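**Q** everything below, folded, please.
(chains A and B)
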Amino acid sequence: GAVVSQHPSRVICKSGTSVKIECRSLDFQATTMFWYRQFPKKSLMLMATSNEGSKATYEQGVEKDKFLINHASLTLSTLTVTSAHPEDSSFYICSARGRGTDLRETQYFGPGTRLLVL
Amino acid sequence: AQTVTQSQPEMSVQEAETVTLSCTYDTSESNYYLFWYKQPPSRQMILVIRQEAYKQQNATENRFSVNFQKAAKSFSLKISDSQLGDTAMYFCAFMKHGNQFYFGTGTSLTVIP
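**A** Numbering: from 1, shown residues only, chains lettered A, B, ... in the order given. The predicted model follows:
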């Protein structure tokens, strides 16, 4: 149980275009979803936290107009990188937390999306 | 703010041997959770073990066990009978009740055949 999927797993786009990444909880309802960015051989950097039906909370230094997050349902959150530039190239990971003791007090991670902006 | 420190950037262990990864944290909270996650080359984050701070008993999951020292704010991971599939980055994480995670910088573990 507690499976989280991400799509696409890898995307290459041209500079200036927008890219949408989907994060889905497959077998539980995700009341909270988190979006992270990870550079090679580095730790995870939290970008934003989203609760179902409300606006995302962004970490300091993360441009909310560039990284649009939507959490419209209890099983889906999306991250849209708008007007992507080469410096946005990175590995993006989502995680989800649900209801119930185990689901609420643990984060379950998606497999990540590798974004390359040319 | 909470901080999590992993002082061993890289470690190696012979197959079938035992290795311990260290993690310390700083918090003024009394109720919290601690985690070890494994990130193999596929980069999928996998939950290894979870410890609730109010439980004195150390958590165990098969070959993985922790040594949780609440007063010392230490949370080390012991891997017994190391296997080649244990080769990965290991992240220690701290979470207050219902709140966000704070990750350590990670320890890269290599299991040598």
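
**Q** whatever residue of chain A ends up closest to chain B: how many residues sit nearby?
**A** When CB to the nearest CB is the measure, chain A has its nearest residue to chain B at A:Phe109, with 3.7 Å between them. (Each C-beta comes from the backbone N, C-alpha and C, glycine too.) Other residues near A:Phe109 number 23, with proximity taken as other CB atoms under 10 Å in any protein chain shown.

**Q** for it, which residues make a bridge with it?
**A** According to DSSP bridges, A:Ser95 are recorded as the beta-bridge partners of A:Phe109.

**Q** then B:Ile46?
**A** Residues in beta-bridge contact with B:Ile46 (DSSP bridges): B:Lys38.

**Q** so it makes contact with B:Trp36?
**A** No. B:Ile46 sits out of contact with B:Trp36 when judged by CB atoms under 8 Å, with a separation of 9.8 Å.

**Q** out of these two, which sits in the more crowded spot?
**A** Summary of the neighbour comparison: B:Ile46 and B:Trp36, criterion other CB under 10 Å, with B:Trp36 having more neighbours (26 against 13).

**Q** where does B:Asn111 sit relative to chain A, distance-wise?
**A** Slight slip there: residue B:111 is Val, not Asn. The gap separating B:Val111 from chain A is 18 Å, by CB to the nearest CB, to the nearest Å.

**Q** how many neighbours does that residue have?
**A** By other CB under 10 Å, the residues close to B:Val111 number 20.

**Q** would you agree it is in contact with B:Gln83?
**A** Yes. Between B:Val111 and B:Gln83 there is a contact under CB under 8 Å: 6.5 Å.

**Q** touching both of these two, which residues are there?
**A** B:Glu15 (CB atoms under 8 Å, 6 or more residues apart in numbering or on different chains).

**Q** picking up where we left off before, got the contact list for the residue of chain A closest to chain B?
**A** By CB under 8 Å, 6+ apart, the contact set of A:Phe109 is A:Val4, A:Ile93, A:Cys94, A:Ser95, B:Tyr37, B:Gln44, B:Met45, B:Ile46.
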